[in-house]
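Novice: give the three-dimensional model of this entry:
(one chain, ligands or ions: 1)
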Amino acid sequence: MRMTDIIEKKKKGLALTWEEIGFFVGGFTAGEIPDCQAAALLMAICLRGMDGRETADLTTAMAASGDTIDLSGIPGVKVDKHSTGGVGDKTSLVVCPIVASCGMPVAKMSGRGLGHTGGTADKLESIPGLKTTFSPEDFLEIVRMAGYANITQSSNIAPADKKLYALRDVTATVDSIPLIAASVMSKKLATGADTILLDVKAGSGAFMKTEEDAIALARTMVDIGDRAGRRVAALVTNMDSPLGGAVGNALEVIEAVETLRGRGPDDLTEICLELAAYMLLLGGAGSDIETCRGLASDALTSGRAFEKLCCTVQAQGGDASALADTAKLPAAPLTVPFYAQTGGFLTRIDAEACGRAALLLGAGRECAGDRIDHAAGLVLHVKPGGFVTAGSVLVTLHTSDKTRLPAAQEALQSAFSFGETPPVRREIILSVIGV
Ligand code: URA
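Specialist: Residues are numbered from 1 along each chain as shown. Here you go, the predicted model:
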């Protein structure tokens, strides 16, 4: 088999066979296929696309390129969740404990934040002592003991994806639905859960800027799951504004804890209960979504979900008392208000601009491997629909480094839009796919 023939075939828009896809993924991961040929094929896929069978074959080959986790020794239906990334998206910290406290084991591997989007592993690591790096054996033991583990992905989970993503990043081949779907799903298939709920974000703070593209990506990922014999569904959710009020690692842990204690912002509580209900439905905890909504809501109001998060934090070496007393979490020495220049109804908050401002305050990474400040970030005091007068505080900025403030303030300058009437409320859950 020759790589040039495979590139030629895809250039003409023809479907690649399982053998050709396997040859490419195996050869590229082993360093036998050079970057120039891999980049040519990636560009051909970007321009010509892949059908459902090819996309599923690509995903399966990428998932098999490294370690796979076998969860079969843990009794029950193992569930996982994945968000395509947003601003202020702390849903995993709320949803996973809700689901696990309903008796469904949650085995989750999360990524780190990059650019304007955050990562669950960074948020968890703001809890004193908590570790997210564990061997596969210890990961299984924590799921068995605590019912929920949330660790970082080892470098040998889907290594083909790691190499391909780095090449896509520098060859303008990231924005292809089959390539994004295969990238996300290869990691999810390799980590072994029986059912996977995807939260596909749409809007200014998301990878997919339009609802239409987010639905297409969601459909492709659900189809991959079906073909791989996993139960997968997706909620397409709104990411035009940050979720809740907090953006930044420790700040988001505080807001997640407030939500688990029944005192969270409405939008965050609504989306978390809905995601948890669909995870429970996929896992078979109830026969219909209404029953599962009831289970999720009981887990939250009874305090069981909060207890579950404490249990996981402890199992991962963290100080669970920092959840009961969040003053023990990292706090920034500098808190600075950001004022409204004008008044009126807040019609829009640009999620991407808020994510960028949080990054500039130290909460995020410009490049993989950058150090982050767990205490940094921002807290929004008004959400779209709220009325403000000129001079009122819209946001509090948190940072440990005052030289970071001007750039963050600049990023926020055009993040807020005002009008004379309240905006039409946009639903948080835009579509449900695969249920
Ligand atoms: N997230 C991923 O994991 N992969 C992509 O290709 C895009 C977003």
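Novice: so what's the gap between stretch 233-241 and the chain middle?
Specialist: Centroid displacement of stretch 233-241 relative to its chain, using C-alpha atoms, centre = their mean, to the nearest Å, is 11 Å.
Novice: same question but for stretch 203-217, I mixed them up
Specialist: Centre-to-centre, stretch 203-217 and its host chain are 14 Å apart (C-alpha atoms, centre = their mean).
Novice: if you average pLDDT over that stretch, what comes out?
Specialist: The pLDDT scores in stretch 203-217 average 93.
Novice: now could you export just the CA positions of it as PDB?
Specialist: Only the C-alpha atoms of stretch 203-217 are listed here, as PDB (Å, rounded to 0.1, in the frame of the first residue of the first chain):
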ATOM      1  CA  GLY A 203     -22.000  29.900  20.000                       C
ATOM      2  CA  SER A 204     -19.400  32.600  20.400                       C
ATOM      3  CA  GLY A 205     -17.400  30.800  23.100                       C
ATOM      4  CA  ALA A 206     -17.500  27.400  21.400                       C
ATOM      5  CA  PHE A 207     -15.600  25.500  18.800                       C
ATOM      6  CA  MET A 208     -18.800  25.400  16.700                       C
ATOM      7  CA  LYS A 209     -20.000  28.900  16.200                       C
ATOM      8  CA  THR A 210     -23.400  28.000  14.700                       C
ATOM      9  CA  GLU A 211     -26.200  25.700  15.900                       C
ATOM     10  CA  GLU A 212     -26.300  24.100  12.500                       C
ATOM     11  CA  ASP A 213     -22.600  23.100  12.700                       C
ATOM     12  CA  ALA A 214     -22.900  21.900  16.300                       C
ATOM     13  CA  ILE A 215     -25.900  19.700  15.300                       C
ATOM     14  CA  ALA A 216     -23.900  18.200  12.300                       C
ATOM     15  CA  LEU A 217     -20.900  17.500  14.700                       C
END
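Novice: in that stretch, what counts as buried?
Specialist: For stretch 203-217, burial by neighbour count (16 or more other C-beta atoms under 10 Å) applies to 203-209, 211, 213-217. Using the backbone N, CA and C atoms, a C-beta is placed for each residue, glycine as well.
Novice: got the contact list for residue 277?
Specialist: Residues in contact with residue 277 (C-beta atoms under 8 Å, 6 or more residues apart in numbering) are 289, 292, 293, 295, 296.
Novice: for the stretch 201-350 of the chain, what lies in contact range of the ligand?
Specialist: Applying C-beta under 6 Å from any ligand atom, one finds that the stretch 201-350 of the chain approaches the ligand through residue 207.
Novice: coming back round to it: and the contacts of residue 277, which is closest to the ligand?
Specialist: Nearest to the ligand among these is residue 296, at 26.4 Å by C-beta to the nearest ligand atom.
Novice: so how many other residues sit close to the closest residue to the closest one other than its chain neighbours?
Specialist: The shortest distance from residue 296 to any non-neighbouring residue, by C-beta to C-beta, 6 or more residues apart in numbering, is to residue 276 (3.9 Å). By other C-beta atoms under 10 Å, the residues close to residue 276 number 32.
Novice: now residue 186: how far from residue 270?
Specialist: Residue 186 sits 31 Å away from residue 270, going by C-beta to C-beta, to the nearest Å.
Novice: which of those two has more neighbours?
Specialist: Using other C-beta under 10 Å as the criterion, residue 186 and residue 270 rank with residue 186 on top: 28 against 14.
Novice: hang on, isn't that one packed against residue 63?
Specialist: Yes - with contact defined as C-beta atoms under 8 Å, residue 186 counts as touching residue 63 (4.4 Å).
Novice: overlap in contacts of those two?
Specialist: residue 158.
Novice: surely the residue nearest to residue 296 is in contact with residue 92?
Specialist: No - between residue 276 and residue 92 there is no contact under C-beta under 8 Å: 10.6 Å.
Novice: rewinding a little: between the buried residues of stretch 203-217, which sits nearest residue 124?
Specialist: Residue 124 has its nearest neighbour among the buried residues of stretch 203-217 in residue 205, at 20.8 Å by C-beta to C-beta.
Novice: how about the nearest residue to that closest one, chain neighbours excluded?
Specialist: Of all residues not flanking residue 205 in the chain, residue 351 sits nearest, at 2.6 Å (C-beta to C-beta, 6+ apart).
Novice: what's the burial count for the one you found?
Specialist: Counted by other C-beta under 10 Å, the residues lying close to residue 351 total 27.
Novice: pLDDT at residue 430, what is it?
Specialist: 96.
Novice: quick check: phi and psi at it.
Specialist: As for residue 430, its main-chain torsions (degrees, to the nearest 10) stand at phi -90, psi -40.
Novice: what residues does it make contact with?
Specialist: Counting by C-beta under 8 Å, 6+ apart, residue 430 touches 202, 211, 214, 215, 236, 237, 238.
Novice: what's the most distant pair in those residues?
Specialist: That would be 215 and 238, which, of the contacts of residue 430, are the farthest apart (C-beta to C-beta) at 12.7 Å.
Novice: and for those two, which residues touch both?
Specialist: 202, 430.
Novice: a markdown table for the buried residues of stretch 203-217, including secondary structure?
Specialist: Compiled in a markdown table, those are given as follows (DSSP: H, G, I helix; E, B strand; the rest coil):
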| residue | secondary structure |
| --- | --- |
| 203 | coil |
| 204 | coil |
| 205 | coil |
| 206 | coil |
| 207 | coil |
| 208 | strand |
| 209 | coil |
| 211 | helix |
| 213 | helix |
| 214 | helix |
| 215 | helix |
| 216 | helix |
| 217 | helix |
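Novice: so which of these is the closest to the ligand?
Specialist: Closest to the ligand, out of all of those and judged by C-beta to the nearest ligand atom, is residue 207, at 5.6 Å.
Novice: excluding chain neighbours, what is closest to that closest one?
Specialist: residue 84 (5.4 Å).
Novice: which ones are touching the one you found?
Specialist: By C-beta under 8 Å, 6+ apart, residue 84 lies in contact with 184, 198, 199, 200, 201, 206, 207, 208, 214, 217.
Novice: any idea which helix or strand carries the fourth one?
Specialist: Spelled out, that is residue 200. Using DSSP states H and E, residue 200 sits in strand 195-202.
Novice: run the chain-centre distance for that strand.
Specialist: Strand 195-202 has its C-alpha centroid displaced from the chain centroid by 8 Å (C-alpha atoms, centre = their mean).
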